[in-house]
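Enquirer: coords please:
(2 chains)
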Amino acid sequence: AQSVTQLDSQVPVFEEAPVELRCNYSSSVSVYLFWYVQYPNQGLQLLLKYLSGSTLVESINGFEAEFNKSQTSFHLRKPSVHISDTAEYFCAVSRSGGYQKVTFGTGTKLQVIP
Amino acid sequence: DTAVSQTPKYLVTQMGNDKSIKCEQNLGHDTMYWYKQDSKKFLKIMFSYNNKELIINETVPNRFSPKSPDKAHLNLHINSLELGDSAVYFCASSQAGQSNNEQFFGPGTRLTVL
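Expert: Numbering: from 1, shown residues only, chains lettered A, B, ... in the order given. Model (predicted):
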């Protein structure tokens, strides 16, 4: 069975500062990894994903995540956050290939302070 | 042109009542899901249907009964509502034929049981 651990439930950071949201996973087989974002009172939206190939993946709004197989991690980073980045961020994992159940982490609340 | 829609957005009801939440997706996906998000934002899968057939049932009380009349709809009926059922319920969809398991979420239904 696969699992996801997000160690930080809340991360406060000042506007324009860098941020890292941590995600570790466990699985005995190849995986796909995802970061979803949930803005207040909304559903989840896919932010970025790793399926294969380059271990560094980027989103259109400046976030990036790096797949590290040896450390079983998929940390999310942004060099300079904006107030509008305030949201809940969920890391998720599934086994690779075809239909597979997606397991979500417990979420990290990113609070950007003006 | 909403991709995944849910009705109602808010639902307030008394203990013991029976209620339904509806979900529709216009993405042409063949797999749909129901998730429960509790007050701590923990997201837990409840059910998954692929081509109208139940493929995931995650130890959910049998008071919860999903129904999929066609691939575009997955409704959730809840009997004898309890206080602990208060949560936000999210519907999601994906295409099993695609190998990336990306899920698209609805806006959520906030259920409050009094």
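Enquirer: what parts of chain B come near chain A?
Expert: For chain B, the residues in contact with chain A (CB under 8 Å from any CB of the partner chain) are B:4, B:31, B:40-43, B:45, B:48, B:50, B:55-56, B:90, B:92, B:94, B:96, B:99-108. Quick note: C-beta positions are derived from backbone N, CA and C, even for glycine.
Enquirer: how does it look with 6 Å?
Expert: B:41-43, B:90, B:96, B:99-102, B:105-108 (CB under 6 Å from any CB of the partner chain).
Enquirer: just among these, which is most surrounded?
Expert: Counting neighbours by other CB atoms under 10 Å in any protein chain shown, B:Gly106 comes out on top of the residues of chain B next to chain A with 28 neighbours.
Enquirer: which of the residues of chain B next to chain A scores worst on pLDDT?
Expert: Ranked by pLDDT, the residues of chain B next to chain A bottom out at B:Ser99, which has 57.
Enquirer: where are the low-confidence patches of chain A?
Expert: A:97-99 (pLDDT under 70).
Enquirer: need the residues of it near chain B, please.
Expert: A:32, A:43-44, A:46, A:51, A:88, A:94, A:97, A:99-100, A:102, A:104, A:106-107.
Enquirer: so which residues of chain A form strands?
Expert: A:3-5, A:10-14, A:19-21, A:24-26, A:31-38, A:44-50, A:56-58, A:64-68, A:73-78, A:87-95, A:102-104, A:108-113 (DSSP state E).
Enquirer: noted, bye for now.
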